[in-house]
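Trainee: prediction below, plus the sequence it came from.
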Amino acid sequence: MAYSLLTFEDPVTGTERAGLESAGLILPLTADNLDLPGDEPVSVENIIEHWDKAEAQLDRLAASAGTGSPGWRARSEITLRAPLRPRQILQAGANYRKHVIDLAVAHRDGEGTDEEIRERTAVVMDKRAAEGTPYFFIGLPTAMASATDDLILPGYSQTHDWELEVAAVIGQRAFRVTPEEALDYVFGYTMVNDITTRELVFRKDMPAIGSDWFRSKNAPGFLPTGPVVLPAKFVEDPQDLMVTLRLNGDIMQQESTADMIFTVAQLVSHASAQMPLLPGDLILTGSPSGNGAHWGRMLRDGDVMEGQITGLGTQLIHCKDEVAR
């Protein structure tokens, strides 16, 4: 029986609690039904840290979903929080082939027709995949929000954009691991929407410095995460997931993770070459084509984003303009 993990708000205390989702039902996880080492309250983070102890217990609990066993709740009865709180977030940029090619055409980085630019960029991407390395930058955990929190669009810009993507959740300390062993260090997968303020990406006052990911991507709520963490054992191939984002019902992004330039395994390996990855850390794998910059349409007050990735549930984000409200 497949299952996933989530975090929800306790209706009495307002604190965060871990839950097990299976067959569309939620089971709150406590020391009464999940025996983990130590005295810490049960959380997704300590489930990850003690997966060797937790896995068999969760397998048995998930098998009881829908059988009338006590404690299971409907999803409508809970208020979601972000599914986990990572210590580190690494984000991969320009990691989908079609996305990078579309950007090259949009920015006209050379002479020739659109088709000629696409062909030239495709050659560059092939060389990058064969000989290059991923491009990473650091995100802040304080930007995280749940899969249902409203997104407040800061009033300092009208260029806020969406980027739905898969994130790998690290399961154990990984330092200088090879691509061949990297997936053994992945606990599971979750969904993120990497909101970006486009006009802040490049510094106009200091162009030699280049991109400013701190200002453009880390406002409160700019990283809706979840709703769930799906253990890796339920994902047959992370390079065969469909990423779909709808804006007010219209499909904006729809792409397979097969279009990644660097695979999940390669991303984890390269990231671990520079720094130790810790249990619960997130490795964002990049955005497919079809964000607002591609469509010439940024987020506005009243917009509704619906994000779906194979096996990772659904995000439903309502956008509210900070000034208009």
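Mentor: Everything's here; your move.
Trainee: where does residue 262 land in three-state SS?
Mentor: Here residue 262 is recorded as coil under DSSP: H, G, I helix; E, B strand; the rest coil.
Trainee: wait, residue 245 touches residue 305, no?
Mentor: Yes - at 6.3 Å, residue 245 and residue 305 qualify as touching, with contact defined as Cβ atoms under 8 Å. Quick note: C-beta positions are derived from backbone N, CA and C, even for glycine.
Trainee: which neighbours do these two share?
Mentor: 162, 193 (Cβ atoms under 8 Å, 6 or more residues apart in numbering).
Trainee: looking at these two, which has the bigger crowd around it?
Mentor: For residue 245 versus residue 305, neighbours defined as other Cβ atoms under 10 Å are more numerous around residue 245 (26 against 21).
Trainee: correct me if wrong, but residue 21 is in a strand.
Mentor: Yes - Residue 21 forms part of a strand when assessed by three-state DSSP.
Trainee: pull the contacting residues for it.
Mentor: By Cβ under 8 Å, 6+ apart, the contact list for residue 21 reads 3-6, 27, 75, 228.
Trainee: before we move on, what about residue 8?
Mentor: Residue 8 is in contact with 16-17, 19, 26, 28, 78-81, counting by Cβ under 8 Å, 6+ apart.
Trainee: lowest-confidence entry in the contacts of residue 21?
Mentor: pLDDT across the contacts of residue 21 is lowest for residue 75, at 91.
Trainee: leaving out the residues flanking it, which one is nearest to that one?
Mentor: Of all residues not flanking residue 75 in the chain, residue 26 sits nearest, at 6.0 Å (Cβ to Cβ, 6 or more residues apart in numbering).
Trainee: mind checking the SS state of that neighbour?
Mentor: Residue 26 ends up strand, using three-state DSSP.
Trainee: for beta bridges, what are the partners of it?
Mentor: residue 21, residue 73 (DSSP bridges).
Trainee: quick one on the thing from earlier: list just the nearest of the contacts of residue 8 to residue 257.
Mentor: Comparing these against residue 257 with Cβ to Cβ picks out residue 80 as the nearest, at 23.9 Å.
Trainee: contacting residues around that closest one?
Mentor: Per Cβ under 8 Å, 6+ apart, neighbours of residue 80: 6-9, 146-148, 226-227.
Trainee: of those residues, which is the nearest to residue 290?
Mentor: For the contacts of residue 80, the nearest to residue 290 is residue 147 (19.7 Å; Cβ to Cβ).
Trainee: quick one: the closest one and residue 309 touch, right?
Mentor: No - the pair residue 147 / residue 309 is not scored as a contact, 11.2 Å apart, by Cβ under 8 Å.
Trainee: now do the shared contacts for those two.
Mentor: residue 191.
Trainee: state the mean pLDDT of stretch 300-308.
Mentor: What stretch 300-308 shows for mean pLDDT is 98.
Trainee: ok, of the contacts of residue 8, which come out buried?
Mentor: Among these, those classed as buried by 16 or more other Cβ atoms under 10 Å are 16-17, 19, 26, 28, 78, 80-81.
Trainee: put together JSON lines for those, with distance to residue 280 on each row.
Mentor: Listed next are these as JSON lines, based on distance: Cβ to Cβ, whole Å:
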{"residue": "16", "distance to residue 280": "14"}
{"residue": "17", "distance to residue 280": "17"}
{"residue": "19", "distance to residue 280": "16"}
{"residue": "26", "distance to residue 280": "21"}
{"residue": "28", "distance to residue 280": "20"}
{"residue": "78", "distance to residue 280": "21"}
{"residue": "80", "distance to residue 280": "18"}
{"residue": "81", "distance to residue 280": "15"}
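Trainee: which residues touch residue 105?
Mentor: Applying Cβ under 8 Å, 6+ apart, the residues contacting residue 105 are 114, 117-118, 121.
Trainee: only whichever of these are buried, select them in PyMOL.
Mentor: Here is the PyMOL command that selects the buried residues among the contacts of residue 105 (16+ other Cβ under 10 Å):
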select buried, resi 117+118+121
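Trainee: can you tell me which of the contacts of residue 105 is nearest residue 91?
Mentor: The nearest member of the contacts of residue 105 to residue 91, counting by Cβ to Cβ, is residue 121 at 21.7 Å.
Trainee: show me the contacts for the closest one.
Mentor: Listed by Cβ under 8 Å, 6+ apart, the contact set of residue 121 reads 100-101, 104-105.
Trainee: mind doing that once more with 6 Å?
Mentor: Going by Cβ atoms under 6 Å, 6 or more residues apart in numbering, residue 121 touches 101, 104.
Trainee: can you check residue 42 too?
Mentor: 18, 29-30, 34.
Trainee: do that again at 10 Å, thanks
Mentor: Neighbour list for residue 42: 17-19, 28-36, 50, 54 [criterion: Cβ atoms under 10 Å, 6 or more residues apart in numbering].
Trainee: secondary structure class for residue 12?
Mentor: Look at residue 12: counting by three-state DSSP, its state is coil.
Trainee: and the spatially most central residue of the chain, what element?
Mentor: Nearest to the geometric centre of the chain sits residue 192, at 2.7 Å (Cα atoms, centre = their mean). Element membership of residue 192 [criterion: DSSP states H and E] is strand 186-193.
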